[in-house]
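>>> got a sequence here, can you build the structure:
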Amino acid sequence: MDSEFTSANIGLDEYTDVINQIEEIDKKVNDENRRINDKEAKKEIRLLIHLLEFRNSKVSVEKVEKSKVENQTIKDFSPYSKFYIATTKTDQYECAIVDDLPSMFFISSIDGSRQLRDAHYFGNAYKHSLQIMLDKKWYKDRMQDLLDTFNES
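Numbers count the residues shown, from 1 in each chain. Take a look at the predicted model:
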């Protein structure tokens, strides 16, 4: 069952919290010497979409077959990917997540204006390093929305 979240802007603390929660999931999976399960994958996707939308919003995540995914980059992400469609109040995302360690992911809004990429290997340990790509126009619109909200108060 999906949790409901209150609407709030995402800052550095939330970004760090998301990374820490994802790494905790991966550490647990690694300690138990197993692959990431659907529940854990969906949680990671929800957390990552909060970063893409700059707020904690309700995110519904559904596992789908590869044939349901339209974005070719996501289809080609990895031969070991599981595919998901995530839906928020304002947008829909296609997601690929590799259920190996660490979990690697690629998430893209349907229109391609927001994308988020995966984990990387650093030194002798896996650490997550997110690459968030935002379309300039979309980003400017969100910043203007924030300014408008600030000016109204």
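>>> number of residues surrounding Lys42?
Other residues lying near Lys42 total 20 when counted by other Cβ atoms under 10 Å. In this view, the C-beta of every residue, glycine as well, is placed from N, C-alpha and C.
>>> ignore what I typed, I meant Phe106.
Counted with other Cβ under 10 Å, Phe106 comes out at 21.
>>> Tyr84 belongs to a strand, doesn't it?
Yes - under DSSP: H, G, I helix; E, B strand; the rest coil, Tyr84 sits within a strand.
>>> quick one: Thr73 and Ile107 touch, right?
No - between Thr73 and Ile107 there is no contact under Cβ atoms under 8 Å: 11.0 Å.
>>> so for these two, which sits in the more crowded spot?
It is Ile107, of Thr73 and Ile107, that has more neighbours when counted by other Cβ under 10 Å, with 25 against 14.
>>> and that one, what does it touch?
Counting by Cβ atoms under 8 Å, 6 or more residues apart in numbering, Ile107 makes contact with Ile45, Leu48, Ile49, Leu52, Ala86, Tyr93, Glu94, Cys95, Ala96, Gln115, Leu116.
>>> 7 Å instead?
Ile45, Leu48, Ile49, Leu52, Tyr93, Cys95, Gln115, Leu116 (Cβ atoms under 7 Å, 6 or more residues apart in numbering).
>>> can I get the residues you listed in TSV including distance to Asn33 and neighbour count?
Shown next, in TSV, are the contacts of Ile107 (distance: Cβ to Cβ, whole Å; neighbours: other Cβ atoms under 10 Å):
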residue	distance to Asn33	neighbour count
Ile45	23	23
Leu48	25	26
Ile49	29	25
Leu52	31	23
Tyr93	30	25
Cys95	25	29
Gln115	31	19
Leu116	27	21
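>>> mind listing the strands for the protein?
60-64, 81-87, 92-98, 104-109, 114-122, 125-134 (DSSP state E).
>>> Tyr15: which of these is closest?
With Cβ to Cβ as the measure, strand 125-134 is the member of the strands of the chain nearest Tyr15 (8.0 Å).
>>> model confidence over the closest one, on average?
For strand 125-134, mean pLDDT is 63.
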